[in-house]
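>>> Here is a sequence together with a model predicted from it:
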Amino acid sequence: MEEHKLSHISRRSFLKISAGTALLTAVSLPKTSLARTGEKLSTLIDLSLCDGCVDREMPACVSACKTIHNDKVPQVIENIPEPWPRKTIEDWSKKKDVFNRLTPYNFIYIHKAVINVKGQHTALYIPRRCMHCDNPACATICPFSANHKNKNGAVVIDQDLCFGGAKCKDVCPWEIPQRQSGVGIYLHVLPGLMGNGVMYKCDLCNDRLSQGKLPGCIEECPRQAMLIGPRKDIEARAEERARQMNGYIYGKKENGGTSTLYVSPVSFELIGKTMTKQPGQPDMQPDVKRRMADTDPLGKAVLAAPALGLAAAGTAGALKWFSRRKELTNRVKDNG
C-alpha cells in the first residue's frame, strides 16, 4: 500500500519547522552541566518530522541509546533463582538485539502507525520511551527509594538499590519499566523471596546531562525530531508547532503531566487506535488519568514485606543496602 505524507501539512510549513530545528535541538540549553543547574528540562518529540529512519536497519535514536547503555546491565548469573510465589523469571540477556519493543537492553523503540486521514493512508512514526512524569507514581511507591525524580526532570532508577519488584511498572499507565532477573542487590539478601532482579528504563541519559551533553536519541536524530530544553521553552515550542500544523499535543496533562511532550498533526485518539498495549509495547491513549490514588494501598503492602525480609536476612548484603539507601537519601536532600 502506498503511503503519503499528511495532506494538510503544507510543504512551506514543514520547511519552516525543520529549518529551525538545527538551532533548536537544545532549546536555550545552559552551557554549564544540565543536571547540576537545577533547571527543569523537558523534551519535545515532533511526529511531523520523525520518519522512523526507514532507510536504516535500526532507527538512529534506538541505535544511539543501545550504544550508550550497552553495558548498563551487569553480567547475569547462571541458574537464576525462581522467585516465590510467582516463579516468573524475566531474562533478556540472550535477546539483547531486540529493538521493536522496550526491554532491559532497549529503552526506546519506534511504533509505526498507518492512519486513514481523509481518504489517504498516512504513516506516522512514534518514538516510545519513558515519559518522565512530573509527579511519578513509580517513584512514590518504590519501597527502597530506588526510583526518584531529579530536579532536571529525569525519572531515574538506581540499579544499586532496585530489587526488581516491578511495583513501578504496575503503577505506570504505560508499563514502561522492564525487568532483568538474575542481577542486583536481591541476590545478596533473599534471592528466592525478595525481589527478582532490577528494573530498567530510559533515564533521559542523566549521566550525559551531568556532563553537559545531550541525550543520545536527541543528539543522533538525523531529522532533529527531538528537542530538549527548559520546561517553559519546550512547552512554548510545542504550542507553536501545534498551531503551525493545526495539530495536537500529548503529555501535557496525561498522568498529571509529563516532561515529555509529543506534537502530532494527527489526533492521538487516532494514533492510540493503532496501538494495542502488550509487554514492552505501551499504548498511547489520550487523557490518561493519574494513578497516584491507586498507589496508596499497594504502597503500604509492599513497604511491610521488604522490611520484614531485611530484618530476617541479617546479611552483609542487607547492611550494605541500608548503607547505600542512607547515602542516597542524604544525596537527594543535598540536591534539594
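Nice, I can see it.

>>> The stretch 201-336 of the chain: helices as residue ranges?
206-210, 216-220, 231-244, 268-273, 292-313, 316-334 (DSSP state H, counting those that start in this stretch).

>>> Sorry, slip of the keys, the one I care about is the stretch 51-200 of the chain.
60-68, 137-141, 167-171.

>>> Figure out which of the ones you listed is closest to L204.
helix 60-68 (10.8 Å; C-beta to C-beta). Bear in mind the C-beta positions are built from the backbone N, C-alpha and C, glycine included.

>>> Go through the closest one and flag the buried ones.
Using 16 or more other C-beta atoms under 10 Å as the test for burial, helix 60-68 gives A60, C61, V62, S63, A64, C65, K66, I68.

>>> any idea how this protein splits into domains?
1-69+109-132+213-290, 80-106+134-201+291-336 (automatic domain parsing).

>>> lowest-confidence stretch among these?
Among these, domain 80-106+134-201+291-336 has the lowest mean pLDDT, at a mean of 79.

>>> Please list all residues in contact with the residue positioned nearest the centre of the chain.
Central residue of the chain (C-alpha atoms, centre = their mean): C130, 1.6 Å from the mean position. C130 sits next to F107, V155, I176, P177, K201, C202, D203, L204, T260 when contact means C-beta atoms under 8 Å, 6 or more residues apart in numbering.

>>> so which of those residues comes closest to F144?
P177 (13.7 Å).

>>> so how far is V114 from the closest one?
29 Å (C-beta to C-beta, to the nearest Å).

>>> Just want to know which of those two has more residues nearby.
P177 (26 against 11; other C-beta atoms under 10 Å).

>>> Can you tell me how far that one is from S63?
On the measure of C-beta to C-beta, P177 and S63 end up 22 Å apart.

>>> can you check D233 too?
For D233 relative to S63 (C-beta to C-beta), the value is 28 Å.

>>> so which two of the contacts of C130 are the farthest from each other?
P177 and T260 (15.2 Å).

>>> For N106, name its beta-bridge partners.
On the basis of DSSP bridges, N106 is bridged to T103.

>>> if I look at it, how far off is A123?
22 Å.

>>> Between those two, point out the one with more neighbours.
Legend: neighbour count by other C-beta under 10 Å for N106 and A123, higher for N106 (24 against 16).

>>> Pull the contacting residues for the spatially closest residue to G184 that is not a sequence neighbour.
Leaving aside its sequence neighbours, G184 sits nearest to V198 (C-beta to C-beta, 6 or more residues apart in numbering; 4.0 Å). Going by C-beta under 8 Å, 6+ apart, V198 touches V73, P104, I157, Q159, C162, F163, G164, R179, Q180, V183, G184.

>>> repeat for C138
Per C-beta under 8 Å, 6+ apart, neighbours of C138: N147, V155, K167, C168, K169, V171, C172, P177.

>>> So what's the gap between stretch 160-177 and the chain middle?
Distance of stretch 160-177 from its chain centroid, counting by C-alpha atoms, centre = their mean, to the nearest Å, is 11 Å.

>>> Buried ones in it, by neighbour count?
Result for stretch 160-177 [16+ other C-beta under 10 Å]: buried residues 161-177.

>>> in the protein, which spans are strands?
Ranges of strands in the chain, per DSSP state E, are 41-46, 109-117, 120-128, 147-149, 155-157, 178-180, 198-200, 226-230, 248-250, 260-264.

>>> Could I get those strands in a markdown table, plus columns for distance to E220?
As requested, the strands of the chain are arranged in a markdown table below (distance: least, C-beta to C-beta, whole Å):
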| stretch | distance to E220 |
| --- | --- |
| strand 41-46 | 14 |
| strand 109-117 | 13 |
| strand 120-128 | 12 |
| strand 147-149 | 26 |
| strand 155-157 | 21 |
| strand 178-180 | 22 |
| strand 198-200 | 20 |
| strand 226-230 | 9 |
| strand 248-250 | 23 |
| strand 260-264 | 17 |
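
>>> Select, out of those strands, the one closest to R56.
With C-beta to C-beta as the criterion, R56 lies closest to strand 109-117 of the strands of the chain, at 10.7 Å.

>>> List the neighbouring strands of the closest one plus their orientation.
Partners of strand 109-117 in its sheet, by DSSP bridges: strand 120-128 (antiparallel).

>>> can you state the direction angle for the partner strand and strand 226-230?
50 degrees (axes from the mean of the first three to the mean of the last three C-alpha atoms, to 10 degrees).

>>> Quick one: work out the angle between strand 120-128 and helix 60-68.
Using the same axes, to 10 degrees: strand 120-128 against helix 60-68 is 20 degrees.
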